[in-house]
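K.L.:
Show me how the following folds:
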Amino acid sequence: MIEYIKGKLVNKKPTSAVFESGGIGFFVQITLSAYEKLPLLNEEAKIVVHFHVKENPMSIMLYGFVDEGEREVFRQIISVSGIGPKTAMSILSAISYRELTELITKGNFIPLTKISGVGKKTAERLAVELKDKLAKTESGFDVSRLSIDTSTDIGKISGIISALINLGYNRLEADRMVKKFASLPDFMQMPVEEIIKEILRGE
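P.N.:
I've put the predicted structure just below:
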């Protein structure tokens, strides 16, 4: 799994960029938010990516994001039945992932219908299926409330949850475990690795 790419930015467009790293040119499809954060050409850049494999026909694509929070929301969007990476990228290029989270939390899917490739049925499906994933899960854990004002926080929370899932816990269990420790006064100042250790020790 490729977590991020760091190298010289050799080409960039509003929807894609090419990074040279280790003598290899990586073509990455990006959101508009990621494009706006990229430096000038030939400067060193780092971008968070999602490694996507499609079957029938077989294809591999890298998708790039402004931060871990945006990538997490992208992954949640493509988990919805019938919605692929192309539509997910369109949504995240049209509105920020924070705006999307707020709309979904409030159950307001109408603005999503104005996005290219998103009809009323798709918007409704997003609102229904993502409300639990982006806002409150059955465990009561609310990522949007914990992320407060900085994109780093939501990325950190998402990273912790992803790590717990990779360790074998399901999403509900991971949400519950993070919620249990989120009340610690120095929770967001602790390194991710230390938080995970504390969570596991507490279990």
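
K.L.:
Break this protein into its domains for me.
P.N.:
4-65, 83-134, 143-202 (automatic domain parsing).

K.L.:
Which of the ones you listed sits closest to residue 76?
P.N.:
domain 83-134 (4.7 Å; Cβ to Cβ). From N, CA and C alone the C-beta is placed, and that goes for glycine too.

K.L.:
got the end-to-end distance for that closest one?
P.N.:
Using Cα to Cα, to the nearest Å, one end of domain 83-134 lies 16 Å from the other.

K.L.:
From the chain's centroid, how far away is that domain?
P.N.:
Centroid separation for domain 83-134 versus its chain: 13 Å, with Cα atoms, centre = their mean, to the nearest Å.

K.L.:
That one - what's its average pLDDT?
P.N.:
Mean pLDDT, computed over domain 83-134, is 87.

K.L.:
and residue 49, what are its bridge partners?
P.N.:
residue 64 (DSSP bridges).

K.L.:
show me what contacts it?
P.N.:
Neighbouring residues of residue 49 by Cβ atoms under 8 Å, 6 or more residues apart in numbering: 2, 3, 4, 5, 28, 62, 63, 64, 65, 71.

K.L.:
can you redo the residues you listed as JSON lines with pLDDT?
P.N.:
Below are the contacts of residue 49 laid out as JSON lines (pLDDT from 0 to 100):
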{"residue": "2", "pLDDT": "86"}
{"residue": "3", "pLDDT": "91"}
{"residue": "4", "pLDDT": "94"}
{"residue": "5", "pLDDT": "96"}
{"residue": "28", "pLDDT": "97"}
{"residue": "62", "pLDDT": "96"}
{"residue": "63", "pLDDT": "97"}
{"residue": "64", "pLDDT": "96"}
{"residue": "65", "pLDDT": "96"}
{"residue": "71", "pLDDT": "93"}
